[in-house]
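> my questions concern the predicted model and sequence given below.
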Amino acid sequence: MPERDEVQADRWDAIRGRMADRLRSMRGRGRSQAQLAWELDELGFHISQSMVSRYEQGLGEVPLTLERLVGWAMCCDSLSSAHLRELLELAGYALPFTRGDMKQFDDLLRRYRALSRPDQIVLRRRMLWHLLGLRPRAGREQPA
Amino acid sequence: MTRLALTDDTRRQLRDRLRFLPTGGEPALQTLRLRALLEELDIHCDESIDLQDLDAVLLASSHGTEALVAARLDVEQRHVAYARLVARLLVSDIHAPIDAKMEYAVAQNGGSTREREEEAIVLGLARALVHGRLESAPRPLYEDVPKLSLAFTPRSAARSTLGGLHRWSVLWYKRSDLYRRLRARPRVSEAIGRICVALDGGTGLVA
């Protein structure tokens, strides 16, 4: 294993337990791991229920990327939560939005929940791109 | 608070260009004009979206503005959808850091009085755009008009009166179906145009 990967692996080992606590808290009791995995899949992430479970137990082997963390929080309607803030801090990521901004994103997500499922998926995927500061590529949107 | 990519200046440019947008032609051509207008203002348009219940969505954030239009729409429906997006941009407040304005296929009855009034204005202005008769909607929606003020000279008093009439017009336009229908009639639009010329003589604000 190249040296930099050892460092990355060691760093992940050091933080994944704390990450797991926050991931569990972020999901809360009202949302099952299966539901979360399904919503993440709809958003375009290939994360199974067993992977959700492993990450929530601190057993995930690959570090969670910024995209996955933000997607995870989106599916938990927790973009403005302290848990996401702490997760990003632990992982060394940052988003260019204030807490008030993130609350606006959560409010909009709640409005999306009132839409039909296919429309929700389209808009949530778009929102993810805006959150990450990217413009969706033409033709990237897949049928829901 | 993060700022939107869509600025007041963009909306002002949209108002300015809209007044000189050619009218007439097939719906497909008119749609193309509206789309080009939005894209000139750096609003990315996408007509390939699989929206089920929504006809279109305007999504604005600090990273850009997108006009998403449902792929299932036929040519005329797409024209109406673009007109509604343009009207929405002119009429609605769009909040940072992200906001989405949704154009539903079926009219929504819920919402606050303010939201219902805003919807009425957007639909009225969109109808005016679709029919190529911008003058059938109140002028303050698409151009600068004199303001109601305390005025003492004959000229400023006339302009102030005109400003008051414009305020009254917008107020009733958002509240009254009857007024919206009346306002859209060619004879009424023409009469209002003549009143504007009489009270604002020579400034070129012709209906």
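Great, that's in hand.

> can you pull the buried residues of the helix or strand where A:Trp129 lies?
If you go by DSSP states H and E, A:Trp129 is part of helix A:117-131. Applying a neighbour-count criterion of 16 or more other C-beta atoms under 10 Å in any protein chain shown, one finds A:118-131 buried in helix A:117-131. Every C-beta, even on glycine, is put in place using the N, C-alpha and C of the backbone.

> so where is chain B shaky, pLDDT-wise?
For chain B, applying pLDDT under 70 flags the ranges B:1, B:151, B:201-207.

> the most centrally placed residue in it: what's it in contact with?
Centrality entry for chain B: nearest residue to the mean C-alpha point is B:Ala87, 3.1 Å, by C-alpha atoms, centre = their mean. Contacts for B:Ala87 (C-beta atoms under 8 Å, 6 or more residues apart in numbering or on different chains) come out as B:Ile121, B:Val122, B:Leu123, B:Leu125, B:Ala126, B:Leu129.

> which member of the residues you listed is positioned nearest A:Arg110?
B:Val122 (22.5 Å; C-beta to C-beta).

> for that closest one, give me phi and psi.
Phi and psi for B:Val122, reported as degrees, to the nearest 10, are phi -60, psi -50.

> name the nearest residue to it, ignoring sequence neighbours.
Of all residues not flanking B:Val122 in the chain, B:Ala87 sits nearest, at 4.6 Å (C-beta to C-beta, 6 or more residues apart in numbering or on different chains).

> what about the nearest residue to A:Gly44 once chain neighbours are set aside, distance to B:Leu125?
Nearest non-adjacent residue to A:Gly44, counting by C-beta to C-beta, 6+ apart: A:Arg125, 6.3 Å away. From A:Arg125 over to B:Leu125 the distance is 30 Å, taken as C-beta to C-beta, to the nearest Å.

> centroid-nearest residue for chain A?
Closest-to-mean residue, chain A, C-alpha atoms, centre = their mean: A:Trp72 / 2.2 Å.

> tally of neighbours for residue 86?
Here I'm looking at chain A. A:Glu86: 16 surrounding residues under other C-beta atoms under 10 Å in any protein chain shown.

> right idea, wrong chain: chain B
Neighbours around B:Val86, by other C-beta under 10 Å: 26.

> please name the residues that touch it.
Neighbours of B:Val86 in contact, by C-beta under 8 Å, 6+ apart: B:Leu14, B:Leu18, B:Leu34, B:Leu37, B:Leu38, B:Ala126, B:Leu129.

> C-alpha coordinates for the helix or strand hosting it, CSV please?
Assigned by DSSP H and E, B:Val86 belongs to helix B:75-91. Extracted as CSV, the C-alpha positions of helix B:75-91 are listed here (Å, rounded to 0.1, in the frame of the first residue of the first chain):
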residue,chain,number,x,y,z
VAL,B,75,-44.9,22.4,-27.9
GLU,B,76,-47.7,24.7,-26.7
GLN,B,77,-47.4,23.5,-23.1
ARG,B,78,-43.7,24.1,-23.2
HIS,B,79,-44.3,27.7,-24.4
VAL,B,80,-46.6,28.3,-21.5
ALA,B,81,-44.1,26.7,-19.1
TYR,B,82,-41.3,29.1,-20.3
ALA,B,83,-43.7,32.1,-20.1
ARG,B,84,-44.5,31.1,-16.5
LEU,B,85,-40.8,30.8,-15.6
VAL,B,86,-40.1,34.3,-17.1
ALA,B,87,-43.1,35.8,-15.3
ARG,B,88,-42.0,34.1,-12.1
LEU,B,89,-38.6,35.6,-12.4
LEU,B,90,-40.1,39.1,-12.8
VAL,B,91,-42.7,38.8,-10.1
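
> as a markdown table, the contacts of B:Ala87 with distance to B:Asp42, secondary structure and neighbour count would be great.
Putting the contacts of B:Ala87 into a markdown table (distance: C-beta to C-beta, whole Å; DSSP: H, G, I helix; E, B strand; the rest coil; neighbours: other C-beta atoms under 10 Å in any protein chain shown) gives the following:
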| residue | distance to B:Asp42 | secondary structure | neighbour count |
| --- | --- | --- | --- |
| B:Ile121 | 25 | helix | 22 |
| B:Val122 | 22 | helix | 24 |
| B:Leu123 | 26 | helix | 19 |
| B:Leu125 | 22 | helix | 25 |
| B:Ala126 | 22 | helix | 24 |
| B:Leu129 | 20 | helix | 26 |
